[in-house]
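> Fold the following for me, if possible:
(one chain, ligands or ions: 2)
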Amino acid sequence: MCGEAATAFLRALPKCEHHLHIEGSLEPQMLFELADKHGMKLDEAMYSTIPALEERYRNFANLDDFLAYFNKAMDVLIDESDFAALAHAYLKRVHSDGLVHAEVFFDPQAHTGRGIALDVVVRGLKKGLAQGEEEFGITTELIMCFVKHLSVESAQQAVVEMQPYVASGDVIGLGADSSEKDNPPSKFASVYDTAREVGFPRLTMHSGEEGPASWVRQTVFDLGINRVDHGVHAADDDELLDELAARGTFFTLCPLSNVRLRVHTSVSESPIPKFLEKGIKFSLNSDDPAYFGGYVLDNYLAVHDAFGFDKATWRRIAQNGIDGSWCSDERKAAMSARLDKVLSEWEGKEI
Ligand code: HPA
Ligand SMILES: [Zn+2]
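Ligands and ions are numbered 1, 2, ... in the order given. Predicted coordinates:
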């Protein structure tokens, strides 16, 4: 377990989160409350009690096993205030973790597919994020993800429907998530072409979480995407890592997620030290904190437990997180100044 000094230091570091599915921050408590609010009867076999659900969350067999719960729980998100409450609760929770900037994923198809209007989803999320920004000073951006388990046509439609929110600046990026099995990146190349036509300023993709290094190669070199969500299997190909380092490809790593979804048996199997050695830039993220046993700081603490990095290494990780953010240069400068201040306050102190 992390000592007191390391915990205080890691909490104080200004942190940026780039891989957070807002639907994955739906805590069991809120899930049961929203079901009550809407008079919904939850499936007893999946949702009996909060402790039983939490126990189930500790025993996912793989990504698809988790996705069954992730996609079911969000049925309780119905009106604008539900989405606003969810986004606000996330920012409130991570404020105490020292988070200063959040780039938040959401899955529009998962909501429109069950009859929730896109405007309800986006307006609700924006409202909750704006309220949190004002209260906690955390800057935020929204990134839509299309889901790989539905068709290419469905993804195309979701991307085109987002156009007004891209034009207004409410949604700044496109990602792709959900089941990776049998879904190579190349299958979705046309969706990213459409996203470029629609004017999405930023592109990312979940890749190499369960899939092989060659799929990370496809994502970056064939689809022209320079941010990779997860991407841990890129570590199986040293030559690829060298190419990605040279290209400045940015990875959003989720160490606790990888353990819960059995990509690794423990955080110590994570390729983080190899990425550092190769000069790969990355951030540390929670993915779906309500399901994977921790928010952003918990991920930093787990990495420190596993590898015991020194302050200079942590500074580098935090600085890369700032530099890799999709925010203004002014915002990056402010976050960098805060990082410098924290490091100077910790000068001469052990962690
Ligand atoms: O880790 C993930 N991988 C793929 N899809 C997801 N949707 C939520 N979390 C994830
Ligand atoms: Zn994810």
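
> and Ala102, that's in a strand?
Yes. Counting by DSSP: H, G, I helix; E, B strand; the rest coil, Ala102 is part of a strand.

> Show me the beta-bridge partners of the one residue in the stretch 1-150 of the chain that gets nearest to ligand 1.
When CB to the nearest ligand atom is the measure, the stretch 1-150 of the chain has its nearest residue to ligand 1 at His21, with 4.2 Å between them. All C-beta spots, glycine's among them, are computed from the backbone N, C-alpha and C. With DSSP bridges as the criterion, His21 is bridged to Phe105.

> That one contacts Asp288, doesn't it?
Yes. Here His21 reaches Asp288: they are 5.3 Å apart, a contact under CB atoms under 8 Å.

> neighbour-wise, which of these two wins?
The residue with more neighbours, out of His21 and Asp288, is His21; 28 against 25, by other CB atoms under 10 Å.

> got a list of what the residue in the chain that ligand 1 sits nearest to touches?
Of the chain, the residue with the smallest distance to ligand 1, taken as CB to the nearest ligand atom, is Asp177 at 3.5 Å. Contacts were defined as CB atoms under 8 Å, 6 or more residues apart in numbering; by that measure Asp177 touches 21, 105, 107, 145-148, 206, 229.

> Need the pLDDT of the residue of the stretch 1-150 of the chain closest to ligand 1.
In this model, His21 is scored at 99, pLDDT.

> Phi, psi for the residue of the chain closest to ligand 1 please.
For Asp177, the backbone dihedrals (degrees, to the nearest 10) come out as phi -140, psi -160.

> Just list whatever residues bridge to it.
Partner residues in beta bridges with Asp177: Val147, with DSSP bridges as the criterion.

> same for the helix of greatest length in the chain, what does it pack against?
Among the elements of the chain assigned as helix by DSSP state H, the one spanning the most residues is helix 118-136. Counting contacts by 3 or more CB pairs under 8 Å, 6 or more residues apart in numbering; DSSP states H and E, helix 118-136 packs against helix 80-95, strand 99-106, helix 108-112, strand 139-147.

> by how many degrees do that helix and strand 139-147 diverge?
Counting by axes from the mean of the first three to the mean of the last three CA atoms, to 10 degrees, helix 118-136 lies at 150 degrees to strand 139-147.

> Can I get helix 118-136 in PDB, CA atoms only?
C-alpha atoms of helix 118-136 as PDB (Å, rounded to 0.1, in the frame of the first residue of the first chain):
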ATOM      1  CA  LEU A 118     -29.800  12.900 -28.400                       C
ATOM      2  CA  ASP A 119     -30.500  16.400 -27.200                       C
ATOM      3  CA  VAL A 120     -31.500  15.100 -23.700                       C
ATOM      4  CA  VAL A 121     -28.200  13.300 -23.400                       C
ATOM      5  CA  VAL A 122     -25.900  16.100 -24.600                       C
ATOM      6  CA  ARG A 123     -27.700  18.900 -22.900                       C
ATOM      7  CA  GLY A 124     -27.900  16.900 -19.600                       C
ATOM      8  CA  LEU A 125     -24.200  16.000 -19.700                       C
ATOM      9  CA  LYS A 126     -23.100  19.600 -20.700                       C
ATOM     10  CA  LYS A 127     -25.200  21.000 -17.800                       C
ATOM     11  CA  GLY A 128     -23.700  18.700 -15.200                       C
ATOM     12  CA  LEU A 129     -20.200  19.300 -16.500                       C
ATOM     13  CA  ALA A 130     -20.700  23.100 -16.600                       C
ATOM     14  CA  GLN A 131     -22.000  23.100 -13.000                       C
ATOM     15  CA  GLY A 132     -19.000  21.000 -11.900                       C
ATOM     16  CA  GLU A 133     -16.500  23.200 -13.800                       C
ATOM     17  CA  GLU A 134     -17.900  26.200 -12.000                       C
ATOM     18  CA  GLU A 135     -17.900  24.600  -8.600                       C
ATOM     19  CA  PHE A 136     -14.600  22.700  -8.800                       C
END
